[in-house]
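Enquirer: this one's structure only:
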């Protein structure tokens, strides 16, 4: 309490907190908050305020992950929703070329995949440093249900705004990019 009352008497320029400052491990306060499990709405309001004050698209200095990627990887759906509401970019890539969608596919987070796919800018065709897109990541991780969901989303978007399958790096069929993956494994 004494520190709190002392802080109120300081000039405003000394009361500012840099929420984008990275710790020794390369994480910001915003990134660490994205990992928290919040149970009360009051606490979630504090987190939303933090997200609105900082750079939701900042990358950790060690692996280049964003707060969105961290929240996705750790299954913090409420944080994913809050970060998206604050403008988190779903297509940013870490040092290995992974996106938040790829993280969700790898970890088998179906609801998060669905949420990310509702974002108008979500690009399924992005490839990581190994040349894999989200469909391939899902299949490699054994999540054929997610691969089927992505494939269904591709079919819907191909008919509207993304153009021909060649826009996804495929000649005719989205799965021809992955000749080692049997098409029957999608269970469509």
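Expert: Cool, got the structure. On a predicted model such as this, the values are computed, not experimentally measured, just so you know. Numbering: from 1, shown residues only.
Enquirer: how about the contacts made by the residue lying closest to residue 122 once chain neighbours are set aside?
Expert: In space, and not counting its chain neighbours, residue 122 is closest to residue 90: 4.8 Å by CB to CB, 6 or more residues apart in numbering. In short, each C-beta sits where N, CA and C put it, glycine included. Going by CB atoms under 8 Å, 6 or more residues apart in numbering, residue 90 touches 68, 84, 99, 100, 101, 116, 119, 121, 122, 123.
Enquirer: pretty sure the third one contacts residue 133?
Expert: Yep, that's residue 99 we're talking about. No. Between residue 99 and residue 133 there is no contact under CB atoms under 8 Å: 9.3 Å.
Enquirer: of these two, which one has the most company?
Expert: residue 99 (28 against 25; other CB atoms under 10 Å).
Enquirer: quick revisit: now the contacts of residue 90 as a markdown table including distance to residue 74, pLDDT and secondary structure?
Expert: Formatted as a markdown table, the contacts of residue 90 follow (distance: CB to CB, whole Å; pLDDT from 0 to 100; DSSP: H, G, I helix; E, B strand; the rest coil):
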| residue | distance to residue 74 | pLDDT | secondary structure |
| --- | --- | --- | --- |
| 68 | 11 | 99 | helix |
| 84 | 16 | 98 | helix |
| 99 | 16 | 99 | coil |
| 100 | 12 | 99 | helix |
| 101 | 16 | 99 | helix |
| 116 | 15 | 99 | helix |
| 119 | 19 | 97 | coil |
| 121 | 23 | 96 | coil |
| 122 | 20 | 97 | coil |
| 123 | 23 | 96 | coil |
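Enquirer: for the protein, longest helix please?
Expert: Ranked by residue count and defined by DSSP state H, the top helix of the chain is helix 144-158.
Enquirer: and it, how far from the chain's centre?
Expert: Average the C-alpha atoms of helix 144-158, do the same for its chain, and the two points are 18 Å apart (CA atoms, centre = their mean, to the nearest Å).
Enquirer: for stretch 19-36, same thing?
Expert: In terms of CA atoms, centre = their mean, the centre of stretch 19-36 is found 16 Å from the chain centre.
Enquirer: try stretch 113-129
Expert: Counting by CA atoms, centre = their mean, stretch 113-129 comes out at 9 Å from the chain centroid.
Enquirer: just say helix, strand or coil for the residue nearest to residue 122.
Expert: Assigned by DSSP: H, G, I helix; E, B strand; the rest coil, the conformation of residue 90 is coil.
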